[in-house]
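1. Here's a sequence, model it:
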Amino acid sequence: MGRHSLPDQYAAGGSGPRRRDPRRRARRRPMAIATVLVLTVAGGTAAAVRGGLLSFGSSCQDDAVRLTLAASPDLAPALETAAKRARQADLTSDGRCVAVTVSARESYEVADTLQAGQDPGAEVWVPDSELWLQRPTADGGTADVSTVGHVASSPVGVAMVPTAAKALGWPKKTYDWLGLAGAALRDDSVRLGAADPARSATGLLALARLSTAAGGVESGGTQAAAMMKALSQRVSDSDGQVLESLPRDSSGTEQGNPKRNQALMVSEQAAYTYNSGADGGGSLDFFYPKDGSPRLDYPYALLDQTGLTTDESRAAIRFMSYLRDPRQLRLLERYGFRTSDDEVPDALVTRAGGSGPQPYAEPAGRPASAVALQETLGVWTITVQSARITTVVDASASMSEPVPGSGRSRMDVTKASLSQALATFTAEDEVGLWDFSTKLDGDKDYRVLVPTERLGDRKGTGTQRDRLSAAFTDLAPVPNGATGLYDTTLAAYRAATGGYAEGRFNALVVLTDGVNEDPGSVSRAGLITRLERLTDPERPVPLIMIAVGPDADREEANRIAEATGGSGHEVTDPAQIQSVILKAIVAAASPGVRG
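-> So this is what the prediction gives:
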C-alpha cells in the first residue's frame, strides 16, 4: 500500500461477524465450565497485577502513535471530545494506540505558517474551509498538504437579533444575497457586521457570493464595492469576535448603541453555538439566502512536509475514519455541525435560529473558484484601506497586435480590463493613468494622462472617474513606438513615492508587452539600485509589474518589482489583467500571504 493507505481492518480491535456453528450446542456445557475457570483465574491474576505481584507490560497507550491535530476553533471542542473517546476506547492503528492531541488554531494562521515554509507544529490540519488549503501552494508554494476527507459542514447565512429579523419579514420573507445585504445596509437600524475576509473563510465566502450576485446586475461592480465599503466599517478580526459585536440585552438595541451590530454574516454552526449559550431573549434568527449558501467544509488534511512517518499517516487516517462512526457523527451534530448533505436535523436548524420557509435544506451552491475568491479579496483590500494607485500602460506599436481568438488588439483588451478594474474602486480611492513608449513627450518616454486623484473629486462637468474612463477609451498604440520601460518605471515610481498618501494602500502598476527598447535609458541594474533607494518600508509603495503577451519577460518583471517589495506577473491574455492586479494587491497588502 501507499504511504497514506488505510490501516488494517482489525485496527479498532474488533472482529467481523461470525457464522453460527451447529456443533456449539453440544459443546455449550463444557465451554461454560471452562469459562468459569478462566474468569476465576483471570480475576485472581487481575488482583495480583493491581497489587504489583505480576506485570504483563505497559498499556498500548505507552507506545501510542501520537499526533497533534490543528483544528479550526469552532470545531476543536468537538474533536477534543472525540480524541478523548478514542483514547478511552484504545483506538488502534496496526496494533498501536492512536493518541490525538487537538490544538485550536485559526485557519489563516496555519495557512500563513505553511506558506512561509515554517513548521506548523501539527501533523494533521482541519481548517474550516478548503480555501485555506489553496493558500500554502499558491504561486509556486512548496507546502505538501494532502486532503483525505471532510469532517463536517456548515452553511453560511445572515443571523439577526429577533427585532431586526422581524423588521425584514423573517421567516416568511426570503431574500437572495444581494437583497438581504442591501436591506441590512440601507436601514441604519439593522447594522450588518462580518469577520475580516482576509482572516475568515465565512467572511470571504459570503463576500464572494455577494460579489457574484452583484456582477449579474447593471453597475454591479460599483454596487459591490459600495457594499464592501459600508461593511468594512463594521468588520471584526475573527469569527469569534464578530459574535461579540452583538447587543448584550434582549431588546437587540442595547439602548441604541451605534457600535453594536444587529445582523451578522456567520455560519449556521456559529449561530447554533451562540443560541445554545444565550439567556432568554438574546437568541438569533437565521436567514438562508435563496440563491444558495456557501458552506464551510472542514477538510481533513495531512501535513506531509512535517515528515510524517507511515505509522503517523495511517494513524491519522484511522482517526478520520473513527470520526465517521455514527456515535461521533452524533457528537458533531450536538456541536451544531452538519454531517450529511442529504439529511439536515431539524433540531440543529431550530437551535441555529432557522425556520421554514427559509431554504435551509437546499444543497450548497457551487463553490466560488480560486480566482473569484482572490478577486473578491483584492477588492476588499483596496476598499477597506482605500487606495492610491497609479497605472502605467505600454503604448508601444506592438500593443496593436491581435490577441489570438479575440478579434481585438492587445490594447483594446487591456483597455476593457482596466475599465472593469476601475469599477471596483470607490469614490474615496485615488487612481491615475500614464502611458509610455519612446520619446512620447519630447525626450521623455512617458506622459501623465490623468493625475492620481480621488475618484469622487469633481472638476468641471465630470468626476475623476469620468476622466479616467475617457482616458482609457482614448488609449492607443503609438505607430513605430518602441518600449521605453526603464526610464518610465523609474519616473513613475519616483512620483508614486513622492505622492505617498498616509493611511491608504499605495501602489504603482506597470503593464508592458515587451522588454526595454530604449538604448539611452538607465540600465536594468541601475534601475533596480535606484528603486531600492526610493523604497521606504515605513511608507511602502509596492510596484506591481505585469508582463502581457509572449514577448514580455516575467522573470525581469519580477526582479524589478521585488526591489520595491512588489511582484511581477505574466498574462497571456490582457483580459486577465484585472484579476492579476487584484491578486497582486492582496499579496502586497498582506506580506504574510505573499507567494
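2. Tell me how many other residues surround Pro77.
-> Residues near Pro77, counting by other CB atoms under 10 Å, number 14. For glycine as for every other residue, the C-beta is placed from the backbone atoms N, C-alpha and C.
3. From what I see, it and Tyr335 are in contact.
-> Yes - with contact defined as CB atoms under 8 Å, Pro77 reaches Tyr335; the gap is 6.5 Å.
4. secondary structure class for Tyr274?
-> At Tyr274 the chain is in helix, as set by DSSP: H, G, I helix; E, B strand; the rest coil.
5. Verify the stated contact: it with Glu244.
-> No - in this structure Tyr274 lies outside contact range of Glu244 using CB under 8 Å: 10.1 Å.
6. Please say which of those two ends up with more neighbours.
-> Shown here are Tyr274 and Glu244; by other CB under 10 Å, Tyr274 has more neighbours (21 against 11).
7. which ones are touching that one?
-> With contact taken as CB atoms under 8 Å, 6 or more residues apart in numbering, Tyr274 is in contact with Ala159, Leu243, Leu246, Ser283, Leu284.
8. of all the residues you listed, which two lie farthest apart?
-> Maximum pairwise distance in the contacts of Tyr274, criterion CB to CB, is 12.5 Å, between Leu243 and Ser283.
9. list the buried ones in stretch 355-372?
-> With burial defined by 16 or more other CB atoms under 10 Å, the residues of stretch 355-372 counted as buried are Ser355, Gln358, Pro359, Tyr360, Ala364, Gly365, Pro367, Ala368, Ala372.
10. pLDDT of that stretch, averaged?
-> Regarding stretch 355-372, the rounded mean pLDDT is 87.
11. What lies in contact with it?
-> 130-131, 134, 153, 155, 170-172, 174, 205, 208-209, 211-212, 268, 285-288, 290-295, 341, 344, 349, 354, 376, 579.
12. Looking at Arg280 now. What's its pLDDT?
-> Careful, residue 280 is Gly; it's not Arg. We have a pLDDT of 46 for Gly280.
13. quick one: the helices in the stretch 251-400 of the chain?
-> Applying DSSP state H, counting those that start in this stretch to the stretch 251-400 of the chain gives helices spanning 268-277, 310-323, 326-334, 346-352, 370-385.
14. Would you mind giving those helices as JSON lines with distance to Thr473 added?
-> Listed next are the helices of the stretch 251-400 of the chain as JSON lines, based on distance: least, CB to CB, whole Å:
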{"stretch": "helix 268-277", "distance to Thr473": "46"}
{"stretch": "helix 310-323", "distance to Thr473": "56"}
{"stretch": "helix 326-334", "distance to Thr473": "56"}
{"stretch": "helix 346-352", "distance to Thr473": "50"}
{"stretch": "helix 370-385", "distance to Thr473": "23"}
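15. Walking through the stretch 401-550 of the chain, point out its strands one by one.
-> According to DSSP state E, counting those that start in this stretch, the stretch 401-550 of the chain carries its strands in the segments 430-441, 444-454, 458-459, 462-463, 505-512, 543-548.
16. Extract the CA atoms of stretch 370-379 and return them as CSV.
-> C-alpha atoms of stretch 370-379 as CSV (Å, rounded to 0.1, in the frame of the first residue of the first chain):
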residue,chain,number,x,y,z
ALA,A,370,-10.0,30.3,-6.5
VAL,A,371,-9.8,33.2,-9.0
ALA,A,372,-13.2,34.6,-7.9
LEU,A,373,-12.1,34.4,-4.2
GLN,A,374,-8.8,36.1,-5.0
GLU,A,375,-10.6,38.9,-6.9
THR,A,376,-13.1,39.4,-4.1
LEU,A,377,-10.2,39.6,-1.5
GLY,A,378,-8.4,42.1,-3.8
VAL,A,379,-11.5,44.4,-4.0
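17. Lowest average pLDDT across the helices of the stretch 251-400 of the chain?
-> helix 370-385 (a mean of 82).
18. So which bits of that helix are buried?
-> Buried residues in helix 370-385 (16+ other CB under 10 Å): 372-385.
19. And stretch 506-518, by the same measure?
-> For stretch 506-518, a neighbour-count test (16+ other CB under 10 Å) marks Asn506, Ala507, Leu508, Val509, Val510, Leu511, Thr512, Asp513, Gly514, Asn516, Glu517, Asp518 as buried.
20. and it, what's its mean pLDDT?
-> Stretch 506-518 comes out at a mean pLDDT of 93.
21. can you pull the buried residues of stretch 519-528?
-> Quick answer for stretch 519-528 (16+ other CB under 10 Å): Ser521, Val522, Leu527, Ile528.
22. go on, stretch 533-547?
-> Buried-residue list, stretch 533-547, by 16+ other CB under 10 Å: Leu534, Thr535, Pro540, Val541, Pro542, Leu543, Ile544, Met545, Ile546, Ala547.
23. from the chain's centre, how far out does that stretch sit?
-> Mean C-alpha position of stretch 533-547 versus that of the full chain (CA atoms, centre = their mean, to the nearest Å) differs by 25 Å.
24. neighbouring contacts of it?
-> Residues from elsewhere that reach stretch 533-547, judged by CB under 8 Å, 6+ apart: 489, 493-494, 496-497, 500, 506-513, 531, 553-554, 556-558, 560-561, 563-571, 577, 580-581, 584-585, 588.
25. just the buried members of these?
-> Neighbour counting with 16+ other CB under 10 Å marks 489, 493, 496-497, 506-513, 531, 553, 556-558, 560-561, 563-571, 577, 580-581, 584-585, 588 as buried within the contacts of stretch 533-547.
26. Same list (the buried residues of stretch 519-528) but as a markdown table, adding distance to Ala195 and pLDDT.
-> Formatted as a markdown table, the buried residues of stretch 519-528 follow (distance: CB to CB, whole Å; pLDDT from 0 to 100):
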| residue | distance to Ala195 | pLDDT |
| --- | --- | --- |
| Ser521 | 48 | 91 |
| Val522 | 46 | 94 |
| Leu527 | 41 | 97 |
| Ile528 | 40 | 97 |
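27. Closest to Arg234 out of the residues you listed?
-> Closest approach between the buried residues of stretch 519-528 and Arg234, by CB to CB: Ile528, at 42.5 Å.
28. who's in contact with the closest one?
-> With contact taken as CB under 8 Å, 6+ apart, Ile528 is in contact with Arg559, Ile560, Ala563.
29. let's see it at 6 Å
-> Ala563 (CB atoms under 6 Å, 6 or more residues apart in numbering).
30. burial of Ser400, as a residue count?
-> By the measure other CB under 10 Å, the count of residues near Ser400 is 16.
31. Next: Pro73.
-> Applying other CB under 10 Å, we find 15 residues neighbouring Pro73.
32. Return the residues in contact with it.
-> With contact set as CB under 6 Å, 6+ apart, Pro73 has these partners: Ala104.
33. how close does it sit to Ala492?
-> 44 Å (CB to CB, to the nearest Å).
34. With Val448 instead?
-> Counting by CB to CB, the gap from Val448 to Ala492 is 9 Å.
35. what sits in contact with each of these two?
-> Trp434.
36. follow-up on the earlier one: which of the contacts of Tyr274 tops the neighbour count?
-> Ala159 (30 neighbours).
37. following the helix or strand where that one lies, which helix or strand shows up next?
-> Ala159 belongs to strand 154-160 when assigned by DSSP states H and E. The first helix or strand that comes after strand 154-160 along the chain, using DSSP H and E, is helix 162-167.
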